[in-house]
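Chemist: Turn this into a structure:
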Amino acid sequence: MFVQPKLDGNRAYLTTENGTPTALALPAMYSRTGKKWEHVDHIIDDFKKISENYVRVLDGELYSTEIPFNQLNGLIKKKVLNENDAKLLLKVKFHVFDIIDEIYHLTKDLIYYKKLKVTT
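Modeler: Down below sits the predicted model:
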């Protein structure tokens, strides 16, 4: 049995844009309703390092032990960041729960998806 802690963060999907291979497209992060989130470049940069044309979608949670949920929620949704916001945002990490091996359009109707089985 495997158990994951419940994180009080924001659900997010990290994927390549337009469903193209990672090396040919810019990755982007979306909310569970399909809204594109800006200002998470530090997370996207890490995704680029590990994706190598294989990983298509990571399903997880934006979370920080240093930022209360309400502040985190407001911070990641801001259109424009000031210098202090940008520094604070670097404390936000992406906790991955699932690796999805097929491309799906991220909409409100995203309910079912095929999971890549990872064995340890």
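
Chemist: Give me the residues contacting stretch 66-78.
Modeler: 8-10, 37, 39-40, 62-64, 85, 88-89, 91-92 (Cβ atoms under 8 Å, 6 or more residues apart in numbering). From N, CA and C alone the C-beta is placed, and that goes for glycine too.

Chemist: who does the least confident helix or strand in the chain by mean pLDDT touch, helix- and strand-wise?
Modeler: Taking mean pLDDT, DSSP states H and E as the measure, the helix or strand of the chain with the lowest value is helix 41-51, at a mean of 83. Applying 3 or more Cβ pairs under 8 Å, 6 or more residues apart in numbering; DSSP states H and E, we find helix 41-51 packed against strand 10-16, strand 27-30, strand 93-100.

Chemist: mind giving me a markdown table with these and columns for distance to residue 71, mean neighbour count and mean pLDDT?
Modeler: Formatted as a markdown table, those follow (distance: least, Cβ to Cβ, whole Å; neighbours: other Cβ atoms under 10 Å; pLDDT from 0 to 100):
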| stretch | distance to residue 71 | mean neighbour count | mean pLDDT |
| --- | --- | --- | --- |
| strand 10-16 | 12 | 21 | 85 |
| strand 27-30 | 19 | 20 | 85 |
| strand 93-100 | 15 | 16 | 85 |
